[in-house]
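> sequence isn't available, so here's the structure alone:
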């Protein structure tokens with residue numbers, strides 16, 4: 001290690017320790033142990049432009065072990081990527097650019113929001129898949145315009161979480177050679193030695209997944225780390241996994257190698273001892289020698305030239321292949337909302353009875369030609385979810401240009417991978433499974449919302465309509481779970497028209513994920529549905545015959561048809577009720593007050609909600625004088641028709657319940 005390299009590594013360590021100490025909060029263990037591998041990667045191998053964090057062909061770096069954020073911020077600062085020393089001093093403070101865990105679109109050069117361990121591993125796999133797809137579509141023998149790598153750094157916790165195994169299993173299967181995983185192996189977790197819970201041979205596990213494995217015995221040996229990265233980049237048939245053996249809390253005599261260095265400040269005295277151990281001659285907190293700044297600045301400026309070179313290359317490519325430039329622009333341009341809104345084919349719906357999952361599949365295959373950058377898949381349920389894009393091939397190591405991704409039975413990793421695909425840029429994606437298994441996906445769907453990523457989640461088999469598979473497969477509380485998630489649109493359509501509206505919302509969304517909740521069973525097309533109302537989240541689908549309704553029935557999905565039939569029976573008995581279809585609470589709540597009042601006027605308090613899922617969350621619409629006909633128990637194994645009758649989802653019972661309210 002040269003003197004300037006050693007000073008730069010130790011500058012990272014000291015900056016991280018000082019930031020954590022000033023905040024009196026944070027995780028110093030990883031930054032102190034992993035600083036050499038991060039420095040070696042950033043200074044010699046990672047391609048990035050300090051002038052442009054969004055340069056498309058940059059290498060991606062994800063800190064999956066997001067608790068070590070102080071290291072990432074220190075790296076960002078030294079290499080001039082947007083963070084000032086004041087930002088470092090504001091670590092973990094309200095409104096700062098240096099939050100406790102890295103946040104995408106908040107801090108420059110943070111490629112993904114990480115914190116839940118293993119999530120970054122899954123998103124890195126998604127980025128590598130996106131890279132493989134776009135490279136396969138756009139690269140030419142004489143122009144390799146997309147050739148970047150995805151690097152992800154994580155620790156023992158990331159390797160323990162099941163999501164990483166799911167993600168690495170598919171990465172090995174797909175032979176993603178541009179994916180390089182760096183494993184900070186310090187054998188310590190919060191409760192102590194990993195010998196308590198984690199004694200497996202990680203390298204053999206990774207080999208079984210189809211990774212090249214490389215081991216660096218000394219985490220302070222920059223040359224050995226560099227050699228490992230070079231070996232990983234040289235491998236062209238599989239992804240690589242580099243184990244770097246480190247000492248957590250390195251350099252702090254009282255805490256290195258111990259669990260208490262993981263998640264608490266070192267303490268003033270221990271920070272002073274750290275400086276002595278590292279031969280850091282500067283006592284002033286947050287001080288970085290000018291020679292370190294100059295060294296890192298020189299490296300960063302040199303790296304920025306790669307973007308300039310790439311821009312020239314892309315300009316030549318565009319001139320030689322104008323058709324590919326036109327396609328590139330389509331990949332990087334949002335679909336025109338007005339064009340889609342007025343597209344007759346997109347909104348075309350059959351008059352025959354069909355499940356909304358079938359309607360969804362038909363819409364997907366109509367829109368695929370409008371959006372060549374749309375790809376996606378299912379967790380081994382494509383035929384049931386109706387998410388297969390016809391004639392678009394199977395995404396695989398033999399055909400990265402294909403648009404149908406087979407995720408296997410890996411719901412949580414699937415959602416993380418979808419996040420990674422969108423984060424990479426240029427692509428729109430969807431994932432699918434049975435609605436009840438949204439439980440497996442919730443943590444990563446939450447990250448979609450937090451990062452403002454417009455991932456589309458297709459959830460089919462949306463109620464007891466699943467039938468004979470029984471309560472393990474019949475969702476009850478899942479709709480309330482999704483509806484409770486900030487910045488997430490949940491959409492449960494009543495028929496093909498509303499399903500098209502749901503897809504319109506999903507395909508035009510720019511910062512919000514959308515969950516489409518669809519039926520397995522066939523339902524009738526409601527002649528009263530209309531796209532304008534459906535796009536607003538709720539609307540009057542059947543109006544009262546006089547000036548003011550006696551009451552209002554609110555329903556979603558398959559229960560809208562039920563509500564409409566009940567209204568006809570109520571009219572015969574002299575009860576004049578309004579029916580409101582509410583496919584999306586979130587969209588409706590976002591409408592102007594005047595519109596909301598026109599649909600659900602405050603002075604009509606006699607209300608009945610009909611939905612074959614939990615009543616939780618409906619209170620704000622039901623009010624004090626209303627009632628819910630919902631599903632607040634688990635289901636049973638029987639044909640769907642029998643179950644709907646058993647749990648009261650019949651015209652007769654809707655009429656009875658509405659009369660009890662009136």
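It's in. Everything numeric in this text was worked out from a predicted model, so none of it was measured.
> helices and strands around the helix of greatest length in the chain, which ones?
Longest helix in the chain, counting residues (DSSP state H): helix 290-320. Packing partners of helix 290-320 (3 or more Cβ pairs under 8 Å, 6 or more residues apart in numbering; DSSP states H and E): helix 3-23, helix 69-78, helix 322-331. From N, CA and C alone the C-beta is placed, and that goes for glycine too.
> just the ones you listed: most buried one?
Stretch with highest mean neighbour count among the helices and strands packed on helix 290-320: helix 69-78 (a mean of 27; mean count of other Cβ atoms under 10 Å).
> contact partners of the following helix or strand past that one?
Moving toward the C-terminus from helix 69-78, the next helix or strand (DSSP states H and E) is helix 85-89. Contacts with helix 85-89, where a contact means Cβ atoms under 8 Å, 6 or more residues apart in numbering, come from 15, 18-19, 22, 73-74, 77, 96-98, 286, 288.
> try it again with 10 Å
Surrounding helix 85-89, the residues in contact under the criterion Cβ atoms under 10 Å, 6 or more residues apart in numbering are 15-16, 18-19, 22-23, 70, 73-74, 76-78, 93, 96-98, 107-108, 285-288.
> off-centre distance for that helix?
Counting by Cα atoms, centre = their mean, to the nearest Å, helix 85-89 is centred 29 Å from the centre of its parent chain.
> that one: which residues count as buried?
The neighbour-count check on helix 85-89 (16 or more other Cβ atoms under 10 Å) flags 87-89 as buried.
> mind putting these in TSV, distance to residue 515 included?
As requested, the buried residues of helix 85-89 are exported to TSV (distance: Cβ to Cβ, whole Å):
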residue	distance to residue 515
87	36
88	38
89	40
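> ranges for the strands of the stretch 151-300 of the chain?
Ranges of strands in the stretch 151-300 of the chain, per DSSP state E, counting those that start in this stretch, are 179-185, 188-189, 192-193, 212-216, 240-245.
> ditto for the stretch 351-500 of the chain
With strands called from DSSP E, counting those that start in this stretch, the stretch 351-500 of the chain shows them at 374-378, 404-406, 428-434, 456-460, 489-491.
> buried sites along stretch 569-588?
Neighbour-count burial for stretch 569-588, counted by 16+ other Cβ under 10 Å, picks out 570, 575-588.
> kindly indicate which of these lies nearest residue 326.
Comparing those against residue 326 with Cβ to Cβ places residue 587 closest, at 33.8 Å.
> what helix or strand is the closest one located in?
In the assignment (DSSP H and E), residue 587 maps to helix 585-589.
> roughly how far is that helix from the heart of the chain?
Distance, centroid of helix 585-589 to centroid of chain: 22 Å (Cα atoms, centre = their mean).
> do stretch 181-195 as well
With Cα atoms, centre = their mean, you get 26 Å for stretch 181-195.
> again with stretch 168-175
19 Å.
> avg pLDDT for it?
Taken as a whole, stretch 168-175 has a mean pLDDT of 98.
> likewise for stretch 84-94?
Averaged over stretch 84-94, pLDDT sits at 98.
> if I look at residue 289, how far off is residue 42?
18 Å (Cβ to Cβ, to the nearest Å).
> among those two, which residue is more densely surrounded?
More neighbours surround residue 42 than the other of residue 289 and residue 42, with 25 against 15 (other Cβ atoms under 10 Å).
> so where's this protein uncertain?
For the chain, the stretches flagged by pLDDT under 70 are 1.
> which segments of it make up each domain?
Domain ranges of the chain: 3-304, 337-517, 536-661, per automatic domain parsing.
> can you list those domains in TSV and add distance to residue 325?
Listed next are the domains of the chain as TSV, based on distance: least, Cβ to Cβ, whole Å:
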stretch	distance to residue 325
domain 3-304	10
domain 337-517	13
domain 536-661	36
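> which among those is found nearest to residue 321?
Of all the domains of the chain, it is domain 3-304 that lies closest to residue 321, at 6.6 Å by Cβ to Cβ.
> now the terminal residues of that closest one, how far apart.
End-to-end distance for domain 3-304, by Cα to Cα, to the nearest Å: 25 Å.
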